[in-house]
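Student: below are the sequence and a predicted model; questions follow.
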Amino acid sequence: MDQSEQMLIEWQLTALSQRFVYFLDNGEFDALVNVFTPEGVFDRGGTPLRGHGAIRTAMDERAPLTTRHLLTNFYYPEVTADSARGVVGSVVFHGPVPEGEGPVPYATEQGRVLEFHDSYVHTSEGWRFESRVVRPILQPLIWP
């Protein structure tokens, strides 16, 4: 694989991560499920969800809140034409669901830093997560 092919794949993997957090933050859970392979695993800090059904059920059971995941530090140590591994940093903020228009107030203690440890596979529909494991890096002393 030449450098331009690798750069294109890394760009596609970055876009996949961006879609994931957009869908998560905006409650578009049908679209979120589809960034995973049908048997894909989403491990939310020690709770592995295997397959589209389990991921969708967990999203439906998620407490109502406002989140924003700001992605950074994309690193792809292994990239082939068919599979890849990556680590993506995320600064995450949580707050209540707004009661009207305008920004949501939140406590500064409700921010934290996570890493996503990913395995990707190239499918006939494009790149998908084979697994996405959330690893907390920094979190407040008091966390729900």
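Tutor: It's in.

Student: contacts, neighbours, all on C-alpha from now
Tutor: Will do.

Student: wait, a helix at residue 99?
Tutor: No: Residue 99 is assigned coil when assessed by DSSP: H, G, I helix; E, B strand; the rest coil, not a helix.

Student: this protein: helices as residue ranges?
Tutor: Assignment of helices within the chain using DSSP state H yields the ranges 3-25, 29-33, 51-61.

Student: quick one: residues in contact with the last one.
Tutor: In other words, helix 51-61. 29, 30, 33, 34, 36, 37, 38, 39, 40, 41, 42, 49 (Cα atoms under 8 Å, 6 or more residues apart in numbering).

Student: burial measure for the first one, as a count.
Tutor: Counted by other Cα atoms under 10 Å, the residues lying close to residue 29 total 18.

Student: and it, what pLDDT?
Tutor: On pLDDT, residue 29 comes in at 97.

Student: go on, the third one?
Tutor: Confidence at residue 33, expressed as pLDDT, is 98.

Student: show me what contacts it?
Tutor: 52, 55, 56.

Student: now, among those, which is nearest to residue 101?
Tutor: residue 56 (28.0 Å; Cα to Cα).

Student: give me the neighbour count for that closest one.
Tutor: 18.

Student: now do the same contact list for residue 94.
Tutor: 65, 66, 67, 68, 106, 110, 111.
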